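A.B. asks: structure of the sequence below:
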Amino acid sequence: MSNFKLISTNDGARAGELSTSHAVIPTPVFMPVGSQATVKTLTPDEIKALYAPIILSNTYHLYLRPSIEVIEKLGGLHRFMNWNGAILTDSGGYQIFSLSALSKVNDEGVTFCSHIDGSSHFITPEKTVALQEGLGSDIAMVLDEPSPVNAPIEKVFDAMERTHRWAERCLAAHNRKEQQLFAIVQGGFDGDLRRKSAEFLGAMGFPGYALGGLSLGEPKALTWDIVRHTTQYLPHNKPRYLMGVGSPEDLIEAVNMGVDMMDCVLPTRVARNGALFTRKGRINIDNAVFREQSKPVEEDCDCFTCQNFSAAYVRHLFVARELLAYRLATIHNLRFMMRLMKDVRESIIAQTFAVFRESFWDNYQTTDEEVRLSQKQKWVEANLTKKNRLQ
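C.D. replies: Numbers count the residues shown, from 1 in each chain. A predicted model of the protein is given here:
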């Protein structure tokens, strides 16, 4: 019996329900990221108040600290972090290849250095599965090999083929029946390779499928070309998960292309820098225009921040560098994302998604593409600096 049920479709957009051990998840859904068993600055009760049914944690980070053994000994990840909703654990493949100073890959697995202390580790597909079974997450991900944005086609092909072999090994090693194991489609920015990967993995009968290796700094138009092309080859009756996407406009476009699940650190990361989402676009709360604004950040928002505080107060907290600023901004941004997904889902069921999407674009001012790519490059350079310190 499938764990995923499609309720309605509307011009490619899909509304469904994904049943897991800890929650039934209405889709499309945005998953807040709690890489290290915490959504930064928030308690589990605060996340529940946002109506977030599922969060994402990262196996790589938890493997290094505090260790999977410690978490398993203390009752598993749900009990460890006191969260009774659903959890998806990323395998950590992306972090291994992007954060490790000296990662080396072969068919058996990947050797990498901890970004914390430089210690050497070796991970196989089988070990990745065992680690996630130890965590007890509702959804686990296979180990994959993502390709750098500018990788030559030969390298992209080799990484895709290795991802396929690792997916087979992960599936064979997976024993925890109540945990769903998702495959990850690779193939870089080559349409033929993406089709081949989607068809190969789709034939293996995984409970769900992710699109990996995207949103890594490439132009948005290229991202959407690949997403649009790839989703048509994925099983219609299985959830589709676009990894690492989290701006409001990206969620709208991903849903328009048949994506059911998304995650990203963006809403919480920009919140801690004073960037808040509204239906008209992103605002910088430390701007002088908010100095005396008695109204909330967004008047029709039902989040704790907007229901209790003025924009002037939130701005004051940021200017004064008070810790409460980061909590209130994070609450607002994540609640904004949950409300957006709820409205999107309702429009799909009502067969009015196209009208909703048009209205969104009529009102929402996006971040400039050059600014976005510049911000992404700064993040990449910061990670390279971390890697170089360990070499």
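A.B. asks: can you give me the helices in the stretch 51-200 of the chain?
C.D. replies: Taking DSSP state H, counting those that start in this stretch as the criterion, the stretch 51-200 of the chain contains helices spanning 59-64, 68-73, 77-81, 93-99, 125-135, 153-173, 191-202.
A.B. asks: between these, which gets nearest to Asn284?
C.D. replies: Asn284 lies closest, by C-beta to C-beta, to one member of the helices of the stretch 51-200 of the chain: helix 93-99, at 27.8 Å. In short, each C-beta sits where N, CA and C put it, glycine included.
A.B. asks: report the buried residues of stretch 18-30.
C.D. replies: Residues of stretch 18-30 classed as buried by neighbour count (16 or more other C-beta atoms under 10 Å): Leu18, Thr20, Ser21, His22, Ala23, Ile25, Pro26, Thr27, Pro28, Val29, Phe30.
A.B. asks: same check on stretch 263-273?
C.D. replies: Asp263, Cys264, Val265, Leu266, Pro267, Thr268, Arg269, Val270, Ala271, Arg272.
A.B. asks: one step back: out of the buried residues of stretch 18-30, which comes closest to Arg282?
C.D. replies: Closest to Arg282 out of the buried residues of stretch 18-30 is Phe30 (15.8 Å), distances taken as C-beta to C-beta.
A.B. asks: so where do the strands sit in the stretch 251-391 of the chain?
C.D. replies: For the stretch 251-391 of the chain, applying DSSP state E, counting those that start in this stretch gives strands covering 261-263, 275-278, 281-284.
A.B. asks: which of those strands sits most buried?
C.D. replies: strand 261-263 (a mean of 24; mean count of other C-beta atoms under 10 Å).
A.B. asks: so what does it touch, helix or strand wise?
C.D. replies: Using 3 or more C-beta pairs under 8 Å, 6 or more residues apart in numbering; DSSP states H and E as the contact criterion, the secondary-structure elements in contact with strand 261-263 are strand 29-31, strand 240-242, helix 248-256.
A.B. asks: repeat the analysis, applying 6 Å as the threshold.
C.D. replies: strand 29-31 (3 or more C-beta pairs under 6 Å, 6 or more residues apart in numbering; DSSP states H and E).
A.B. asks: who's in contact with the strand it packs on?
C.D. replies: Applying C-beta atoms under 6 Å, 6 or more residues apart in numbering, the contact partners of strand 29-31 are Ile54, Ile55, Leu56, Met261, Met262, Asp263, Met337, Met341.
A.B. asks: repeat that for 7 Å
C.D. replies: Residues outside strand 29-31 that contact it (C-beta atoms under 7 Å, 6 or more residues apart in numbering): Pro53, Ile54, Ile55, Leu56, Leu88, Leu251, Met261, Met262, Asp263, Met337, Met341.
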